[in-house]
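> just need the structure, nothing else, for what follows:
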Amino acid sequence: MKSKIEIIHGDITKIAVDAIVNAANSSLLGGSGVDGAIHRAGGKKILDECQKIRARQGGCKVGEAVITTAGNLPAKYVIHTVGPRWNGGNNNEIELLIACYLNCLELANESNITTISFPNISTGIYKFPKDEAAKIAIKTIKKSLAKNNHIEKVNIVCFEADNYQLYQEMIKIFF
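Numbering: from 1, shown residues only. This next block holds a predicted model:
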């Protein structure tokens, strides 16, 4: 199963997979960090579909996930999930981050997606402790892959070198 998970140091907007995951905000209208990068690289088509989702359901709640086209990106889809803001760990942040990964993987399964790339959800401006977020990501993805044979490859794409090193160390612990 370890062969199904790869840690990559790079830019998630440049990776050709069925779907990339966007660490979005609840408005789905783009923002900073990976969210802004995905919206800029993917173009107007992603924003148009996000606006339709907002009109239909009012955005995306923390821990949930929605899917759109990938526009100009080399992926086919973008799965948008809203990670929790870290507030000391006493407001269900861990459970909500787990839900982000599980809901993205469930949506991928429902959409016949076999390859997916995740960013480091909630570790930027949402201030989730990077080591805790890495443990959650790897444990949750590993557990989900054990139940779901449909997904062939999961990339964890780290834009920052410190996150890349952290995930490289964590994957050795859990596999």
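> what's the burial count for V78?
Per other C-beta atoms under 10 Å, the neighbour tally for V78 reads 26. The C-beta positions use only the backbone N, C-alpha and C, and glycine is treated the same way.
> the particular helix or strand that has it in it - contacts with which helices or strands?
V78 belongs to strand 77-82 when elements are defined using DSSP states H and E. Counting contacts by 3 or more C-beta pairs under 8 Å, 6 or more residues apart in numbering; DSSP states H and E, strand 77-82 is packed against strand 19-24, strand 65-69, helix 93-110.
> mean neighbour count for the ones you listed - can I get that in a markdown table?
Formatted as a markdown table, the helices and strands packed on strand 77-82 follow (neighbours: other C-beta atoms under 10 Å):
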| stretch | mean neighbour count |
| --- | --- |
| strand 19-24 | 28 |
| strand 65-69 | 20 |
| helix 93-110 | 20 |
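> where do the strands sit along this structure?
Here the chain has its strands, by DSSP state E, at 5-9, 19-24, 65-69, 77-82, 115-118, 153-158.
> tell me which of the ones you listed lies nearest to G43.
Nearest to G43, of all the strands of the chain, is strand 65-69, at 9.8 Å by C-beta to C-beta.
> returning to that earlier point: so which of the helices and strands packed on strand 77-82 is nearest C50?
Comparing those by their distance to C50 (C-beta to C-beta), the top pick is strand 65-69, with 6.1 Å.
> and the strand holding V78, average pLDDT?
Across strand 77-82, pLDDT averages out at 98.
> what lies in contact with that strand?
Applying C-beta atoms under 8 Å, 6 or more residues apart in numbering, the external contacts of strand 77-82 come out as 18-26, 28, 38, 42, 46, 50, 60-71, 100, 103-104, 107-108, 111, 113, 116, 121.
> returning to that earlier point: nearest to D131, out of the helices and strands packed on strand 77-82?
Distance to D131, taken as C-beta to C-beta, is lowest for helix 93-110 among these, at 12.6 Å.
> so how far is the closest one off the chain centroid?
Distance, stretch centre to chain centre, for helix 93-110: 9 Å (C-alpha atoms, centre = their mean, to the nearest Å).
> just stretch 124-138 next, same as before
Remark: stretch 124-138 is offset 12 Å from the chain centroid, using C-alpha atoms, centre = their mean.
> what comes up buried for that stretch?
124, 126, 128, 130, 132-138 (16 or more other C-beta atoms under 10 Å).
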